[in-house]
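Peer 1: Sequence first, then the predicted structure, then my questions.
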Protein chains: 2
Amino acid sequence: MLQVHRGGAVSERYVIISADGHCGLPLADYRPYLESRFRPDFDKWVARKEAERSVKLETNFEYIMGWETSNEEGLRGAYDPVVRDRELDADGVAADVLFADADAVTGMGSPPFGAGLAAGEIEDPDLAFAGARAHNRFLAELCSTSPERRAGIALVPLCHDPSRAVKEAEWAAAQPGIRGVMIPTMWRQRAPYSSEVYEPFWAACAAAHLPVHTHSGEAPQEDYNGHLGIYLAEVVWWAARPSWHLLFSGAFERHRELVFVVTEAAAYWVADCKWKWDQYMGGGHTTKKMATLLAGKISKLPSEYFGTNLFVGASTMSKEEIRRRHVLGLDAVMWGTDYPHPEGSWPNTAAKLKADFSDIAVEETRQLLGGTAAKVYGFDLDALQPVADRIGPTPQDLGQDPARRADPGAPASAKWWLAEYGITPTR
Amino acid sequence: MLQVHRGGAVSERYVIISADGHCGLPLADYRPYLESRFRPDFDKWVARKEAERSVKLETNFEYIMGWETSNEEGLRGAYDPVVRDRELDADGVAADVLFADADAVTGMGSPPFGAGLAAGEIEDPDLAFAGARAHNRFLAELCSTSPERRAGIALVPLCHDPSRAVKEAEWAAAQPGIRGVMIPTMWRQRAPYSSEVYEPFWAACAAAHLPVHTHSGEAPQEDYNGHLGIYLAEVVWWAARPSWHLLFSGAFERHRELVFVVTEAAAYWVADCKWKWDQYMGGGHTTKKMATLLAGKISKLPSEYFGTNLFVGASTMSKEEIRRRHVLGLDAVMWGTDYPHPEGSWPNTAAKLKADFSDIAVEETRQLLGGTAAKVYGFDLDALQPVADRIGPTPQDLGQDPARRADPGAPASAKWWLAEYGITPTR
């Protein structure tokens, strides 16, 4: 479908919504956002973080300095709204979703006490909430600038204290620029996300239409003995894990409006999950002994929750993930630049899109690059179209054939396992 | 390659080696194999297991009774060698690899104290070793019957006590029928498998050519709140996890002869692992910031360890896994019946093979159904061929075209990601 302007004019320019962006103040600048009684702890934490940066510089100096010096100006968009808008413009991105931890290289843009991507590691719940709230205050301010272009994701250290988490989610829901919450990826020794203690939180998020997120980053480093390869091999799994804990504990049955998004944890794994999960529930000799025990626990096939309750913020998708798009679900997967992290496409998004999307149909591109994110986060496409008309790429810019709107037939055959196992869809 | 008999005659009958079989005594019959000082604990454990069976019967009566009554005679092959050989014969299987825990329905064929597939759950190391040794004594006896047809996998509760584990592995290596060891899938609160404390154990297993196994079963049930769907969604991952901990901690560099096998944890996941792991090590913008830190940790691409150090006992493969065979690696994946578990192909293996392998080339089938397992476990194919000539299926029995020997070209293009990311193989 073409985007129709308020005035009735038609634009082909893509409204790109990056479903994975990051923001954050330089460490010390969080101080005024933090409740004063936590400031002595904060000063010690800042000193420790700076010492950690020195160690990182010793082992990876060339890479770190290369990145920081060649992107000095753009990196300030992590907290400076004028710079952020300029960087989004230059990248052809109309809007983005803002997670914490702006500095993925040496951690100099993280919320107090590490309340961002590895909040499960914090031991004291008071520190976890204090750090989260400091960031959330900054976030609400940042998102009040260019509000149509920003969806802030507030930090809610859920497993540290479920009751306080409900209050924080309610606060977040009342801030105009905040459109979602992020919970710790790992609950560690605390109650797992399938526990009843979290029911009021899921209910609050469902009622307020606040999508709940995990974002990759945290993993059980204590198991790795410093071996980075092990971390890489499983960090995605730890971020994705809560999705099936919610699904199979029936959270989406009890809270039909609850939305859960796994961000920057790739998307390729969804293909095998859909197949295997549907098979567990619906067919096949190997799961017969479980069938009686599973029956009636959830009302749809597991794969059917993707695109309604389960979504994936895939960041800069690999070509293989783009090839798998019909299996993953155009209605479930959202592209993102990961700005301002070095592993994303910024500041070369235009070139990256041309390299990866030239053979993809226009309407499918539109869904992956922004359409699905607009629905999940409630972006106003009418308000964003003028931005896109100014800075967004056209299909021709991406090397695409503008006449190729969709791949007919492909979506219908995407769930190959239904026929193979004789599984009947419920819708 | 055709199998050439000692006499020079040629046979087309497949030598099927099931890489996943189970054995075990009825609980109480383990008593004489157990050191006498553990018998009071044992009697309590048996009583508890019988109570657990009663609960299972209450929730799943029809399924359990149906399975047990219709297979009463064949299930005795878990411990009766004459029955076992008869069941293998009827299934067309020349030989099998014997893991513990014969009864996957209500757990009535498990080693004392649960020292089998969930040995990580045991708290007292003395009980873990006592239970393992009781099973190992029984296993050595069972494997001394029809020795050419059996490869016993001894239980070694490694993480409970690394020094005792070395002694148990050395004992196992001295038993003619024992050809591998199984370690707990989960180390839980103990030292992770990337730790140096396990070095002497890996060295001992490498020196004795004893493949080390994990086998699916154990998972952190305490996180699931009784939701079976969560268990199904991640039990495979927990069994596979130690494979990349060994790989990325460099265990296969320090112990070139070390072989690690993941059994009954499916095989489909290997496809994405090979791609992603090679990408982490060898190419791609998204991993650039890690490249310096990973460099030199392992000497080959991760995917290149499959077929030399890493193997997968895939049990009854799904059609999708068979379709992925060139990516998974014909030299790395081994088919199995899972006898006498209900989720496997027994007692209908012939029909299952015909349904799944009719369009697969002969030499590829030969590798998947037995060739790779023969290499991993040191089976004597000359000794097995007469058995296969009596009971094994021919390509025609599987509905195959006997003239179709292999799929030329397919293996070469299997690692599609090397070209896509510009990664150079090391061999």
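Peer 2: Cool, got the structure. Numbers count the residues shown, from 1 in each chain, chains lettered A, B, ... in the order given.
Peer 1: Could you count how many residues lie near residue A:24?
Peer 2: Neighbourhood size, residue A:24 [other C-beta atoms under 10 Å in any protein chain shown]: 26. Backbone N, C-alpha and C define where each C-beta goes, glycine included.
Peer 1: so it makes contact with residue A:76?
Peer 2: No - Residue A:24 is beyond contact range of residue A:76, at 11.4 Å (criterion: C-beta atoms under 8 Å).
Peer 1: ranges for the strands of chain A?
Peer 2: All strands of chain A, identified by DSSP state E, fall at A:3-4, A:10-11, A:17-22, A:95-99, A:150-155, A:178-182, A:212-215, A:260-263, A:310-315, A:333-335.
Peer 1: ok, so what distance separates the nearest residue to residue A:316 once chain neighbours are set aside from residue A:315?
Peer 2: Distance criterion C-beta to C-beta, 6 or more residues apart in numbering or on different chains; nearest residue to residue A:316, sequence neighbours excluded, is residue A:345 at 4.6 Å. Using C-beta to C-beta, to the nearest Å, residue A:345 is found at 9 Å from residue A:315.
Peer 1: Between these two, which contacts overlap?
Peer 2: Residues touching both residue A:345 and residue A:315 by C-beta atoms under 8 Å, 6 or more residues apart in numbering or on different chains: A:337, A:338.
Peer 1: Check what pLDDT the residue nearest to the spatial centre of chain A gets.
Peer 2: For chain A, the residue sitting closest to the mean C-alpha position, by C-alpha atoms, centre = their mean, is residue A:263 at 2.8 Å. pLDDT, residue A:263: 98.
Peer 1: Next one: it from residue A:100, what distance?
Peer 2: Distance from residue A:263 to residue A:100, by C-beta to C-beta: 11 Å.
Peer 1: Between the strands of chain A, which one is closest to chain B.
Peer 2: strand A:310-315 (8.4 Å; C-beta to the nearest C-beta).
Peer 1: Next up, the contacts around the residue nearest to the centre of chain A.
Peer 2: A:19-20, A:97, A:99, A:213-216, A:239, A:312-313, A:315, A:336.
Peer 1: are any of those residues buried, and which?
Peer 2: Neighbour-count burial (16 or more other C-beta atoms under 10 Å in any protein chain shown) is assigned, among those, to A:19-20, A:97, A:99, A:213-216, A:239, A:312-313, A:315, A:336.
Peer 1: who does the residue nearest to the centre of chain A bridge with?
Peer 2: residue A:215, residue A:313 (DSSP bridges).
Peer 1: What distance do you get for it to residue A:254?
Peer 2: For residue A:263, the distance to residue A:254 - C-beta to C-beta - is 24 Å.
Peer 1: looking at the strands of chain A, which one has the lowest mean pLDDT?
Peer 2: strand A:3-4 (a mean of 49).
Peer 1: ok, residue A:141 - how many residues close by?
Peer 2: 15.
Peer 1: ok, now residue A:70?
Peer 2: 11.
Peer 1: Tell me if I'm right that residue A:350 and residue A:91 touch.
Peer 2: Yes - at 7.0 Å, residue A:350 counts as touching residue A:91 under the criterion of C-beta under 8 Å.
Peer 1: okay, those two: which has more neighbours?
Peer 2: residue A:91 (25 against 16).
Peer 1: any weak-confidence spans in the stretch 301-427 of chain A?
Peer 2: Filtered on pLDDT under 70, the stretch 301-427 of chain A yields the residue ranges A:409, A:412.
Peer 1: Helices along that one, start to end?
Peer 2: In the stretch 301-427 of chain A, the segments counted as helices under DSSP state H, counting those that start in this stretch are A:319-323, A:325-328, A:349-357, A:362-366, A:372-377, A:381-391, A:410-413, A:416-421.
Peer 1: With distance to chain B as extra columns, can I get the ones you listed in JSON lines?
Peer 2: Formatted as JSON lines, those follow (distance: least, C-beta to the nearest C-beta, whole Å):
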{"stretch": "helix A:319-323", "distance to chain B": "6"}
{"stretch": "helix A:325-328", "distance to chain B": "12"}
{"stretch": "helix A:349-357", "distance to chain B": "8"}
{"stretch": "helix A:362-366", "distance to chain B": "20"}
{"stretch": "helix A:372-377", "distance to chain B": "20"}
{"stretch": "helix A:381-391", "distance to chain B": "23"}
{"stretch": "helix A:410-413", "distance to chain B": "14"}
{"stretch": "helix A:416-421", "distance to chain B": "6"}
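Peer 1: okay, these in a markdown table with distance to residue B:246 next?
Peer 2: Shown next, in a markdown table, are the helices of the stretch 301-427 of chain A (distance: least, C-beta to C-beta, whole Å):
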| stretch | distance to residue B:246 |
| --- | --- |
| helix A:319-323 | 26 |
| helix A:325-328 | 31 |
| helix A:349-357 | 34 |
| helix A:362-366 | 41 |
| helix A:372-377 | 39 |
| helix A:381-391 | 49 |
| helix A:410-413 | 39 |
| helix A:416-421 | 31 |
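Peer 1: Just tell me which of these ends up closest to residue A:153.
Peer 2: When the helices of the stretch 301-427 of chain A are compared by C-beta to C-beta, helix A:372-377 sits nearest residue A:153, at 9.1 Å.
Peer 1: wait, residue A:166 sits on residue A:202?
Peer 2: No - using C-beta under 8 Å as the test, residue A:166 is too far from residue A:202 to be in contact (9.8 Å).
Peer 1: residues near residue A:307, how many?
Peer 2: 17.
Peer 1: dump the residue contacts of it.
Peer 2: Counted by C-beta under 8 Å, 6+ apart, residue A:307 has contacts A:329, A:331, A:332.
Peer 1: Phi, psi for it please.
Peer 2: phi 90, psi -10 (degrees, to the nearest 10).
Peer 1: Just the helices from the stretch 151-300 of chain A, written as ranges.
Peer 2: A:162-173, A:199-207, A:228-248, A:251-254, A:269-282, A:288-294.
Peer 1: just flag whichever of these has the lowest average confidence.
Peer 2: Looking at those, the bottom one is helix A:288-294 with a mean of 67.
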